[in-house]
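Engineer: here is a sequence with its predicted model. Questions after.
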Amino acid sequence: MEIGLRGKRALVTGGDSGIGEAIVLALAAAGADVAINHVDTTGAAQQVVQQVQAAGARGIEVFADVSDAGEVERMFAALDAAWGGIDILINNAGIDGPHALAWEADPAAWQRVLQVNLFGAFHCARAALQRMVHARSGVVCNVTSVHELIPWAGYSAYTASKAGLSMLTKTLAQEAAPHGVRVVALAPGAIQTPINRAVWSDPHGLRDLLRKIPLRRMGTTDEIARMAVVLVSDAASYLTGATVFVDGGMTLYPSFQHGG
Ligand code: BGC
């Protein structure tokens, strides 16, 4: 079976680092043209664009804070002008926010996590679906987390945002299916990226983390990216509304390997 995305136009939010960057490169390797959304101004997105072009695909960078509905509108207008539409949206942009028990949390910081992870995904999905439903074709893939399912003390905004994104996925899938558009979720486990550097760079933190993963190792961004390519391709043409967990078994309640 060959998975080809040639001629498809994709947008990856937060595509300039971590899982997003790996998804961008995997989509380009499969032949898709990729727009790299970012808020960072260090030039990282431009470097990813160059790698996309080196793979023989079209790449552009689009600056926008996805939590801002107006900026998202302008980003999609820029894509319309450049490529005349969109076939694949990967809602990947996300933050985990400061660690704080709920009763000590700063409400503004809590709200910011929801604005980026949930409102941001909604703004982009809304704009993408307006175009995809009209074209009667397209796929939206929301990057959630094992924490759409697993509670995580100190990160109530993050877990709430990811659980919300999971239900948003199912509801949008139900709405879009009659129009020939699929909406899926991809839930990574512990993938080694800048977002969790504090844990994997500390030997105690890493040992504790590995106990929570039946495959006994962290995942790579490439392992997430490969699944993203499958999910948005016709290999997954009958899949919609589902979350696919790519987590080395983290959601299998590993503490039940013994006893019970
Ligand atoms: C978080 C990571 C964490 C992983 C597993 C992800 O959603 O962003 O920081 O390592 O979940 O707990």
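Structural biologist: Arrived safely, thanks for sending.

Engineer: the residue of the stretch 151-260 of the chain found nearest the ligand - nearest residue in space that isn't next to it in sequence?
Structural biologist: Residue nearest to the ligand within the stretch 151-260 of the chain: Asn196 (3.4 Å; CB to the nearest ligand atom). All C-beta spots, glycine's among them, are computed from the backbone N, C-alpha and C. In space, and not counting its chain neighbours, Asn196 is closest to Ala190: 6.7 Å by CB to CB, 6 or more residues apart in numbering.

Engineer: can you give me the helices for the stretch 101-250 of the chain?
Structural biologist: All helices of the stretch 101-250 of the chain, identified by DSSP state H, counting those that start in this stretch, fall at 107-114, 120-135, 156-176, 197-200, 203-211, 221-232.

Engineer: what comes into contact with the third one?
Structural biologist: In this case it means helix 156-176. Residues outside helix 156-176 that contact it (CB atoms under 8 Å, 6 or more residues apart in numbering) are 91, 94-97, 102, 105, 109-111, 113-114, 116-118, 121-122, 125, 129, 132-133, 140, 142, 144-145, 147-152, 182-185, 187, 240-241, 243.

Engineer: out of the residues you listed, which are buried?
Structural biologist: Among the contacts of helix 156-176, those classed as buried by 16 or more other CB atoms under 10 Å are 91, 94-97, 105, 110, 113-114, 116-118, 121-122, 125, 129, 132-133, 140, 142, 144-145, 147-150, 182-185, 187, 240-241, 243.

Engineer: go back to the residues you listed and keep what's next to the ligand.
Structural biologist: On the criterion CB under 6 Å from any ligand atom, Asp96, Ser145, His147 are the entries of the buried ones among the contacts of helix 156-176 that sit beside the ligand.

Engineer: the last one: what's it in contact with?
Structural biologist: Right, the one you point to is His147. Taking CB under 8 Å, 6+ apart, we find His147 in contact with Tyr155, Tyr158, Thr159, Lys162, Ala163.
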